[in-house]
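Enquirer: The following block contains a protein sequence and its predicted model.
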Amino acid sequence: MRIIILIIYVLGVNLLYAQDSLFTPSTIDTLVSKNLNDSVNLKCKSINELKLQANFNPLDNHVSSTTLIALGAVTTGIGVTVHLYNYNAWWKGKQTSFRIINDWDYALWIDKCGHFYGTSIIAHGLSSALDAANIDPENTAIYSSLGAFLFQTYVEIEDGFGKDWGFSPGDFTADFLGASYHLSKYYFPFMQNFQPRVSYYPSEEYLNGEHHDGNVIDDYSGQKYWLSMRMKELLPKSLAKYWPSFLMLSVGMGVKDLDGRGGGTREVYIALDLDWQTIPIPGKFGQFVKNTLNYFHLPMPGIKISPKTAFLVFCY
C-alpha cells in the first residue's frame, strides 16, 4: 500500500510539473544523450553545464511560491496519509521500547531492494515538485534526496518502537543508498544510464487470502526489482551502433517460498526494457508519462537464469 501511495504521489507531482514546464531535467538529459545540443543552440560537454547555461527553465526561471506552497501541501497530505496507514497497519497498539533488529536475511534482500527503490521514487517525486516551483537544479537534487531519506528514516524509527518490528540497519542502509543514487545522477551524469524499476503481480498466497498480513508491500513473492541499463551509452562505440536506442537491458530479482527466517528461493532474470525517454510522445503531458514509466518494468522478453534457466516471452 505504501508503494501504491508513493506512485500516486509521483503521478500527481509529475502531472503538475508537466503543466508548468516542457523543459524538464529529463528532457534536457535526453537532448544531451542524443547529441541534439546544436538544435537548441546549447553547446555543452556535460549535463551540469547544460543545466547552468539553460538556467534550469528557459521559459520561466523565477521561483513559483504558489506552486511551492501547493506542492508542499500535497506532500504534507501524502506524508500524513502514509503515517496513518503505517500506524493502523503496523504500529497501533503495538508500541514498545526502541530496539534494533538486524534482519539482513529476512527476505533474501528483496525487502532491501524495495527500500532502495522506494527512496529513489520518493526522491523522484520530490524532485518533480521542486522542479515545478523552479528551484535551481542543484538544490532540487539535494533537497529531494535529503527529503526522501529523512522520510524513510522516520519510518524506520517508528518501526524501532513496533512490538513486532525494530529499527533495521539493513533497511536504513538501503534507504541511504537509494537517496544517494538519486543525488549522484546530478553530480555524476554517467549514473543516468542506470534506472531502478519495479514490477508486481500478486502472489498466489495473496490472491488466496493466505498472506500473513494482507499488505501488498509485504507481498515479496509478487514483487520483482530491476536495474535497467542504457546499453546504447554503455557499450563500446563499435557495438553501440547496432543497439537500438529505445531498448534497455535489465537485471531483475524476485523471491519465492519465503519462510521469514532467511529461507526461500532467489530468482534472477535478464530482460529487455523500453527507454521511454526515446519514445516520441509529444507535449508536456507526454513528458510526464515518460518520466513516470521509466520507473516500471513492463512485460518484455527475457530469460530466467536462476534457479533454473528458462526463456520467457513476457518476463514480468
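Expert: Received the coordinates, thanks.

Enquirer: Just to check, residue 156 is in contact with residue 171?
Expert: Yes - using Cβ atoms under 8 Å, residue 156 is in contact with residue 171, at 5.7 Å. Quick note: C-beta positions are derived from backbone N, CA and C, even for glycine.

Enquirer: Those two: which is more packed in?
Expert: Taking other Cβ atoms under 10 Å, residue 156 and residue 171 do not tie; residue 171 has more neighbours (27 against 18).

Enquirer: Doesn't that one belong to a strand?
Expert: No - going by DSSP: H, G, I helix; E, B strand; the rest coil, the assignment for residue 171 is helix, not a strand.

Enquirer: What residues does it make contact with?
Expert: If a contact means Cβ atoms under 8 Å, 6 or more residues apart in numbering, then residue 171 has 103, 111, 112, 115, 156, 159 as its contacts.

Enquirer: Residue 249 versus that one, what's the distance?
Expert: Residue 171 is 28 Å from residue 249, where distance means Cβ to Cβ, to the nearest Å.

Enquirer: Now residue 226: phi and psi?
Expert: phi -130, psi 150 (degrees, to the nearest 10).

Enquirer: wait, what's in contact with it?
Expert: Contacts of residue 226 (Cβ under 8 Å, 6+ apart): 196, 197, 198, 199, 250, 251, 252, 253, 269, 271, 273, 297.

Enquirer: Report the buried members of these.
Expert: 196, 197, 198, 199, 250, 252, 253, 269, 271, 273, 297 (16 or more other Cβ atoms under 10 Å).

Enquirer: out of those residues, which are inside strands?
Expert: 196, 197, 198, 199, 250, 252, 253, 269, 271, 273 (DSSP state E).

Enquirer: How confident was the prediction at the second one?
Expert: The per-residue pLDDT reported for residue 197 equals 98.

Enquirer: can I assume it is in contact with residue 300?
Expert: No - in this structure residue 197 lies outside contact range of residue 300 using Cβ under 8 Å: 10.8 Å.

Enquirer: Overlap of the contact sets of these two?
Expert: 250, 273.

Enquirer: Can you report phi and psi for residue 290?
Expert: phi -70, psi -40.

Enquirer: And the pLDDT for it?
Expert: At residue 290, pLDDT is 87.

Enquirer: tell me the contacts of it?
Expert: 26, 276, 277, 279, 281.

Enquirer: one more time with 7 Å
Expert: 276, 277, 279, 281 (Cβ atoms under 7 Å, 6 or more residues apart in numbering).

Enquirer: Would you check which pair of the residues you listed lies furthest apart?
Expert: 277 and 281 (9.7 Å; Cβ to Cβ).
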